[in-house]
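In: whatever this is, show me its structure:
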Amino acid sequence: MPASDAMDRPEQPWNRRRLRSTNERLLLDRLRAAGAASRAQLARETGLSKPTVSSALASLEAAGLVHEVGTHAPERGRTAVLYAPDPAAGYALGVDVGRSWLRVAVADLDGSVVARSDVRNRARSSGAMADLVVTTARQVVAGSGVDPDEVVHAVVGTPGVYDEKQRRVRYAMHLPGWGRAGLFDRMREELGVPLEVHNDANLAALGEYTYGVGAGSRLFAYILIGTGLGMGVVSEGRLFTGAHGLAGEIGFLPWPGQQKPGLEDAVSGVAVVEAARRFGMDGQLTAKAVFDAARQGNAAAVQAVQLEGERIAHTVAAAAAVLDPDLVVLGGGVGHSVDLLLRPIRDHLRTLTPLRPKVVPSRLGEDAVLLGAVATALGTARDVVFERRTAAS
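Out: Prediction:
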């Protein structure tokens, strides 16, 4: 067909719908990224005409995606109505499954947590743990006052790596039975919400990038030190997971002198306790108790902390050599005691490598995985809500 004929043909309805949808999404993304704005401001910033902006905003408002949030009175001219995304247009669910704690939160589309619950993980089987996740999530949604149908997407953070083909988690050694096939399919069905599964260290890295000290970093590594050991890597705002989702599984790095030659057995809360016992501490010990004792000057505890700092320095040196990060964030249970660890880490880094990235504690603490799950779930939830509401209107 000649080009002139194609140009003379009337615009197809589906083309008009797609153009409207593109314009509406452009305005919604602009409002979400930079805050409330008037019609005139949106027209200037997006290059769309004022009538197009007015029409798109009217459609978004009718769909419940934006609402009026005030007015702006300039020195000259008419008072302008300000628009912003409606955070109550939909909700996302974040879940952090840990060996000791289960954390669940519901957030609106602005990312504000509207309800959450932290419960002890006393489950003695993988089935009981799955039940605990479902029960807690239902309770959090019910307590939030949110219509369950408005919760459109969920993300679960867990130790190990989720194998999409086999429908199960692999390498979650500290959660016995958690690798059983079908557990997450069962949770999806019982919750009635689309559910993704991600590694906890990866989500912690995204949480720290979105809400914490990683914001603005070009490439940073989040090292999660708790019951186990993991690392998440965020480059230019995007998570790097490798060819099979195993990037950051630094617990598998060789470490001499361990019964199981992995770094995870040398750098963890359990390793701190074992070192303290070797140096002479006794009684019912936890990593927190060892760090508390070190603060009081207990010689055995101080030695254990120094050794942990040395081992973490080796971990940071390995990450620095491979990734060249501008920032390394230390988090997890042991991250609570970074104040004691930073000096030995930095001292040992000077002897190990000329590469010395900035090493800082996590700003989010124990909430890093949960907030990373929320942030990840929101990325999909915003798309789903937009598609649903614009299609319905």
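In: strands along the stretch 251-393 of the chain, start to end?
Out: Ranges of strands within the stretch 251-393 of the chain are 327-331, 358-361, based on DSSP state E, counting those that start in this stretch.
In: so how far is the last one from its chain's centroid?
Out: When you say that, I think you mean strand 358-361. Relative to the centre of its chain, strand 358-361 is centred 19 Å away, using C-alpha atoms, centre = their mean, to the nearest Å.
In: and what of the first one?
Out: Distance of strand 327-331 from its chain centroid, counting by C-alpha atoms, centre = their mean, is 15 Å.
In: so which elements touch it?
Out: Using 3 or more C-beta pairs under 8 Å, 6 or more residues apart in numbering; DSSP states H and E, the elements in contact with strand 327-331 are helix 200-211, strand 219-225, helix 299-323, strand 358-361. In this view, the C-beta of every residue, glycine as well, is placed from N, C-alpha and C.
In: show me the one of these that comes nearest residue 138.
Out: Closest of these to residue 138 is helix 200-211, at 21.5 Å (criterion: C-beta to C-beta).
In: and the closest one, which residues are buried?
Out: Buried residues in helix 200-211, counted by 16 or more other C-beta atoms under 10 Å: 200, 201, 202, 203, 204, 205, 206, 207, 208, 209, 210, 211.
In: the closest residue to residue 250 other than its chain neighbours pairs with what?
Out: Excluding its sequence neighbours, the residue lying closest to residue 250 (C-beta to C-beta, 6 or more residues apart in numbering) is residue 231, at 4.8 Å. Under DSSP bridges, the beta-bridge partners of residue 231 are residue 223.
In: quick one: residues contacting residue 64.
Out: If a contact means C-beta atoms under 8 Å, 6 or more residues apart in numbering, then residue 64 has 86, 89, 389 as its contacts.
In: the second one contacts residue 110, doesn't it?
Out: No. At 9.9 Å, residue 89 and residue 110 do not qualify as touching, with contact defined as C-beta atoms under 8 Å.
In: same drill for those two, tell me which one is more crowded.
Out: The neighbour comparison of residue 89 against residue 110 (other C-beta atoms under 10 Å) goes to residue 89, with 24 against 14.
In: ok, that one - contacts?
Out: Residue 89 makes contact with 64, 65, 109, 385, 389, according to C-beta under 8 Å, 6+ apart.
In: pLDDT added to the buried residues of helix 200-211, as TSV?
Out: Shown next, in TSV, are the buried residues of helix 200-211 (pLDDT from 0 to 100):
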residue	pLDDT
200	95
201	95
202	96
203	96
204	96
205	96
206	96
207	96
208	96
209	95
210	93
211	93
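In: relative to residue 130, which of those residues is nearest.
Out: Checking the buried residues of helix 200-211 against residue 130 with C-beta to C-beta, the nearest one is residue 200 at 16.5 Å.
In: kindly spell out which helices and strands sit in contact with the helix or strand harbouring residue 55.
Out: With secondary structure defined by DSSP states H and E, residue 55 is part of helix 50-62. Contacts defined by 3+ C-beta pairs under 8 Å, 6+ apart place helix 50-62 against helix 13-34, helix 39-46, strand 66-72, strand 80-85.
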